[in-house]
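Chemist: Fold the following, please.
(chains A and B)
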Number of protein chains: 2
Amino acid sequence: MNILLVYAHPEPKSLNGALKDFAVQRLKDAGHTVQVSDLYAMNWKAALDPSDSTDRHADARFNPSLESKHAFERGTQSPDIAREQDKLRWADAVILQFPLWWFSMPAILKGWVERVYAYGFAYGVGEHSDRHWGDRYGEGSMAGKRAMLVVTTGGWESHYSPRGINGPINDILFPIQHGMLYYPGFEVLPPFVVHRTGRMDEARFSSTCEALGQRLDDLWNTAPIPFRRQNTGDYTIPELTLRDEIAPGRYGYAAHVE
Amino acid sequence: MNILLVYAHPEPKSLNGALKDFAVQRLKDAGHTVQVSDLYAMNWKAALDPSDSTDRHADARFNPSLESKHAFERGTQSPDIAREQDKLRWADAVILQFPLWWFSMPAILKGWVERVYAYGFAYGVGEHSDRHWGDRYGEGSMAGKRAMLVVTTGGWESHYSPRGINGPINDILFPIQHGMLYYPGFEVLPPFVVHRTGRMDEARFSSTCEALGQRLDDLWNTAPIPFRRQNTGDYTIPELTLRDEIAPGRYGYAAHVE
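Modeler: Numbering: from 1, shown residues only, chains lettered A, B, ... in the order given. Next up is the predicted model:
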């Protein structure tokens, strides 16, 4: 299988760098083909801006999504964007690996999502009618592909537990897993999370690699998170709220998981 | 009062640009002093990286938080970072204004948080003991200052409602409001959110400005979101989980609001 690892840490000799190297080797040893988008090493441009199209008029009003749509349709996207889209088309599975900084992904990776996820590619796909609100949340360009997060945190596991002060890790990751991965069609596997990275010794690093290796071995037979599909009856359209009889009395993120 | 508006949209002639201009004028008319950090206009560097310190050895292993700590202590931070910290020290209130892109803030603003929030400035502040886990979540360098989000979304209000498909807007904003603003000590006011920005006409723009203006007029007498303080007994230390008798049976983000 073809696997794309999008990786966002500035230091190759970090824990993240070591886990990335381990993952790439493990996947290759299993016979997969791996590409790595090492965003810091690539000096990835984080900010979405007018230079993301190669043919626009400098003085035209810049509408980010319309501009993205036109550049994607006309083939006038910045070459770095088109290259990443090609990698996504090529991949059977995508892994996003990053340290959790301020309860989200690093800016450089957020900018990868913003720029690579073009209108017509990752959103604005499919018809919008009173029965179908675009190919998204269970449909879309990434349908049939799998995705998984590999995330490190400095904080303790308990700080991210259901009653932990930072909020539950699954809620913190929901905008990424549901909003950035499930939205364009990926099947999203449960995340691999390493907590308290300041307390990593040889033994713990070894057991962490073993656990990560197992997750990579199981990439094709791990059950995805059962997010609800948008266009198959659970939601009213165009309000996109859960129908009364679906998960009655439940609110918030958890209601969108079957 | 002194007000810092941190603004992240690439197009001055956008809805966001118009709302920003309106807000600045309204605040000045009320007698406040306003500084704007217009991140796109400033060509703000989004990615946190080794060049954020001016005196490091090029071949040294880069540890983001330790490097930030040393540079902050020694006064060897990149000048753009130090300037933004000075603006934060100066401000009595901070407004972050941005379009919601992929269920979070734009990368350029995330990178502002990552780089400006130095170790010793926004985190790693105060003693860590079995009774006090750092000055954070209700204490910290920003204590006594107020903060508020001004956010626009393309999606409908119902899509962000308690049973809406994107998740409730307050949950989507929790990592920002609680994790990036309350954490270093800000009192966080309820957000000002404008939905369905593609359907903005003169009349709606006018009523939106009126509502935003009212929120700005009320900046000093709006009740902040009553997030729970970390170090005053609601949480066990160092686990940082809610004590059993606090919000019994409640889990997730909502449990951290009194």
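Chemist: Spatially central residue in chain A, please.
Modeler: residue A:181 (4.5 Å; Cα atoms, centre = their mean).
Chemist: Make sure that one is actually in contact with residue A:146.
Modeler: No - between residue A:181 and residue A:146 there is no contact under Cβ atoms under 8 Å: 9.4 Å. Heads up, the C-betas are built off the backbone N, CA and C, glycines and all.
Chemist: does the residue nearest to the centre of chain A count as helix, strand or coil?
Modeler: helix (DSSP: H, G, I helix; E, B strand; the rest coil).
Chemist: Could you check how far it is from residue B:98?
Modeler: 22 Å (Cβ to Cβ, to the nearest Å).
Chemist: For the lowest-mean-pLDDT helix or strand in chain A, output the C-alpha coordinates as PDB.
Modeler: Sorting the helices and strands of chain A by mean pLDDT, DSSP states H and E puts helix A:64-74 at the bottom, at a mean of 96. Provided in PDB are the C-alpha atoms of helix A:64-74 (Å, rounded to 0.1, in the frame of the first residue of the first chain):
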ATOM      1  CA  PRO A  64      -9.600  32.700  -0.400                       C
ATOM      2  CA  SER A  65     -12.100  30.000  -1.400                       C
ATOM      3  CA  LEU A  66     -13.000  31.400  -4.800                       C
ATOM      4  CA  GLU A  67      -9.300  31.900  -5.700                       C
ATOM      5  CA  SER A  68      -8.600  28.300  -4.500                       C
ATOM      6  CA  LYS A  69     -11.500  27.000  -6.700                       C
ATOM      7  CA  HIS A  70     -10.300  28.800  -9.800                       C
ATOM      8  CA  ALA A  71      -6.600  27.900  -9.400                       C
ATOM      9  CA  PHE A  72      -7.600  24.200  -8.800                       C
ATOM     10  CA  GLU A  73      -9.800  24.100 -11.900                       C
ATOM     11  CA  ARG A  74      -7.300  25.900 -14.100                       C
END
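Chemist: so where do the strands sit in chain A?
Modeler: A:2-7, A:33-38, A:93-99, A:146-152, A:187-188, A:192-194 (DSSP state E).
Chemist: and the shortest one with chain B, contact?
Modeler: No - no part of strand A:187-188 sits close enough to chain B to count as contact by Cβ under 8 Å from any Cβ of the partner chain; the gap is at least 14.1 Å.
Chemist: and that strand, how far from the chain's centre?
Modeler: 9 Å (Cα atoms, centre = their mean, to the nearest Å).
Chemist: strands paired with that strand, and their directions?
Modeler: strand A:146-152 (parallel) (DSSP bridges).
Chemist: If I take the strand it pairs with and strand A:93-99, what angle do their directions form?
Modeler: Orientation check (axes from the mean of the first three to the mean of the last three Cα atoms, to 10 degrees): strand A:146-152 against strand A:93-99 gives 10 degrees.
Chemist: distance between strand A:146-152 and the chain's centre?
Modeler: Its chain's average C-alpha position is 7 Å from that of strand A:146-152, according to Cα atoms, centre = their mean.
Chemist: now stretch A:106-114
Modeler: On the basis of Cα atoms, centre = their mean, stretch A:106-114 sits 10 Å off its chain's mean C-alpha point.
Chemist: With stretch A:126-145 instead?
Modeler: The answer for stretch A:126-145 is 17 Å, by Cα atoms, centre = their mean.
Chemist: Over to stretch A:218-233?
Modeler: The chain centroid and the centroid of stretch A:218-233 are separated by 14 Å, computed with Cα atoms, centre = their mean.
Chemist: buried ones in that stretch?
Modeler: A:219, A:222, A:224-225, A:227-228, A:230-231 (16 or more other Cβ atoms under 10 Å in any protein chain shown).
Chemist: Can you tell me which residues in the stretch 151-258 of chain A are near chain B?
Modeler: Checking the stretch 151-258 of chain A against chain B by Cβ under 8 Å from any Cβ, the hits are A:154, A:156, A:158-159, A:161-168, A:171-172, A:174-176, A:178-180, A:230, A:235, A:238-242, A:247, A:250-256.
Chemist: Mind jotting down where the helices sit in chain A?
Modeler: Assigned by DSSP state H, the helices in chain A fall at A:15-29, A:64-74, A:79-90, A:107-116, A:169-176, A:202-217.
Chemist: Can you lay out those helices as JSON lines showing mean neighbour count and distance to residue A:48?
Modeler: Listed next are those as JSON lines, based on neighbours: other Cβ atoms under 10 Å in any protein chain shown; distance: least, Cβ to Cβ, whole Å:
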{"stretch": "helix A:15-29", "mean neighbour count": "17", "distance to residue A:48": "24"}
{"stretch": "helix A:64-74", "mean neighbour count": "18", "distance to residue A:48": "6"}
{"stretch": "helix A:79-90", "mean neighbour count": "16", "distance to residue A:48": "10"}
{"stretch": "helix A:107-116", "mean neighbour count": "26", "distance to residue A:48": "4"}
{"stretch": "helix A:169-176", "mean neighbour count": "23", "distance to residue A:48": "17"}
{"stretch": "helix A:202-217", "mean neighbour count": "14", "distance to residue A:48": "31"}
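Chemist: closest one to residue A:44 among these?
Modeler: Residue A:44 lies closest to helix A:107-116 among these, at 5.6 Å (Cβ to Cβ).
Chemist: hmm, who's touching that closest one?
Modeler: A:6, A:8, A:37, A:39-40, A:44-48, A:52, A:78, A:80-81, A:84-85, A:88, A:96, A:98, A:101, A:104-105, A:122, A:180, B:46-48, B:101-102, B:104, B:106-108, B:110-111, B:114 (Cβ atoms under 8 Å, 6 or more residues apart in numbering or on different chains).
Chemist: just the buried members of the residues you listed?
Modeler: Of the contacts of helix A:107-116, these count as buried by 16+ other Cβ under 10 Å: A:6, A:8, A:37, A:39-40, A:44-48, A:52, A:81, A:84-85, A:88, A:96, A:98, A:101, A:104-105, A:122, A:180, B:46-48, B:101-102, B:104, B:106-108, B:110-111, B:114.
Chemist: For the residue lying farthest from the centre of chain A, which residues are in contact?
Modeler: Within chain A, residue A:59 marks the point farthest from the mean C-alpha position, 33.6 Å out by Cα atoms, centre = their mean. By Cβ under 8 Å, 6+ apart, the contact set of residue A:59 is empty.
Chemist: so residue A:103 makes contact with residue B:175?
Modeler: Yes - the criterion here is Cβ under 8 Å, and residue A:103 meets it with residue B:175 at 3.7 Å.
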